[in-house]
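# task: produce atomic coordinates for the following.
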Amino acid sequence: MDRGTTAASIAVRDGYDARTILKHVRRVRRAGRAATTRDQLLLEAQRRHQEHLAAIAGALVQRARVGQPPGTVRSPDGLPGSALADHLGKTPTGKLLRRLLTVGDDYPPLEQALRRRAEGEEWVALLVTKGVSRTVLVNQVVLLAEGQSADSMSPVASGVPNADALNAERDAILRAAQRWDEFKKARLCCDEARDIGRQLLDQLDVLRHRGYIAGSCQYCADAEGD
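Residues are numbered from 1 along each chain as shown. Here you go, the predicted model:
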């Protein structure tokens, strides 16, 4: 029929009713159009998925380069960082990435515990009564645990006669904080995240520049029904 033969001619030649010929031809044509549409949709879905995986790799590279503390990583449309780890599977990069994401999940409660400890410290409360911001003090304790040096932090007081004394008290609090269990746990978590990030940096940089990241995960277009 695609070459111009009529349904009636085919029906006479092959001994079928013309309506039967037309019914089956329409069915085959619909199936062909559906298959073409499905293939196009799968290709587009795979392209978008690869872009999202590359975006996750890029976000992880950025975090590693600037030394950000462990945290949640997602693609711009919300695909979780675990999708890239699942996609890479049991490869060395996939295993390291899975550990990095686990550390990222572990850090928030450790950070909150450290904040609560700092907020409840008598030295902190005393310095707050002298006009120093509690929020600033607590944030600086957390930043110190995350790897920022005390020397790089802004003073907590300036332009007042007792600024040097207040800043000296702040320094004493930061030194004391490093002996807290909450501080040590947060610091270890951040140190591990930075170490893994350095190990992953080159591999992730390559992945985000590739046109295609080999692997498979539940978000892949061809994972339907697995």
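# contact partners for E192?
Taking C-beta atoms under 8 Å, 6 or more residues apart in numbering as the contact definition, E192 lies against V103. (Glycine included, C-beta is placed from N, CA and C.)
# list the buried ones in stretch 90-109?
93-94, 96-104, 106-107 (16 or more other C-beta atoms under 10 Å).
# now that stretch: average pLDDT?
When pLDDT is averaged along stretch 90-109, the result is 94.
# show me the shaky parts of the protein.
31-32, 34-35, 223-226 (pLDDT under 70).
# mind giving me the packing neighbours of the lengthiest helix in it?
Longest helix of the chain, by residue count under DSSP state H: helix 18-66. Helices and strands touching helix 18-66, by 3 or more C-beta pairs under 8 Å, 6 or more residues apart in numbering; DSSP states H and E, are helix 7-14, helix 82-88, helix 181-209.
# report the distance from the first one to the chain centre.
Yep, that's helix 7-14 we're talking about. Here helix 7-14 shows a centroid-to-chain-centroid distance of 61 Å under the convention C-alpha atoms, centre = their mean, to the nearest Å.
# which residues are contacting that helix?
1, 16-18, 20-22, 25.
# could you flag which of those are buried?
By 16+ other C-beta under 10 Å, those give 21-22 as buried.
# G78: what secondary structure?
coil (DSSP: H, G, I helix; E, B strand; the rest coil).
# what's the burial count for it?
7 (other C-beta atoms under 10 Å).
# again, but for I196
I196: 21 neighbours (other C-beta under 10 Å).
# what's the spacing between it and R63?
Distance from I196 to R63, counting by C-beta to C-beta, to the nearest Å: 11 Å.
# now do G4
Using C-beta to C-beta, we find G4 at a distance of 63 Å from R63.
# still on that earlier bit, tabulate the buried residues of stretch 90-109 (CSV), appending distance to A186 and secondary structure.
Formatted as CSV, the buried residues of stretch 90-109 follow (distance: C-beta to C-beta, whole Å; DSSP: H, G, I helix; E, B strand; the rest coil):
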residue, distance to A186, secondary structure
T93, 26, helix
G94, 27, helix
L96, 21, helix
L97, 22, helix
R98, 21, helix
R99, 18, helix
L100, 16, helix
L101, 18, helix
T102, 16, helix
V103, 11, helix
G104, 13, helix
D106, 10, helix
Y107, 7, helix
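# between those residues, which sits nearest L200?
Taking C-beta to C-beta as the measure, L200 lies nearest L96 of the buried residues of stretch 90-109, at 5.5 Å.
# so the closest one touches L201, yeah?
No. Between L96 and L201 there is no contact under C-beta atoms under 8 Å: 10.8 Å.
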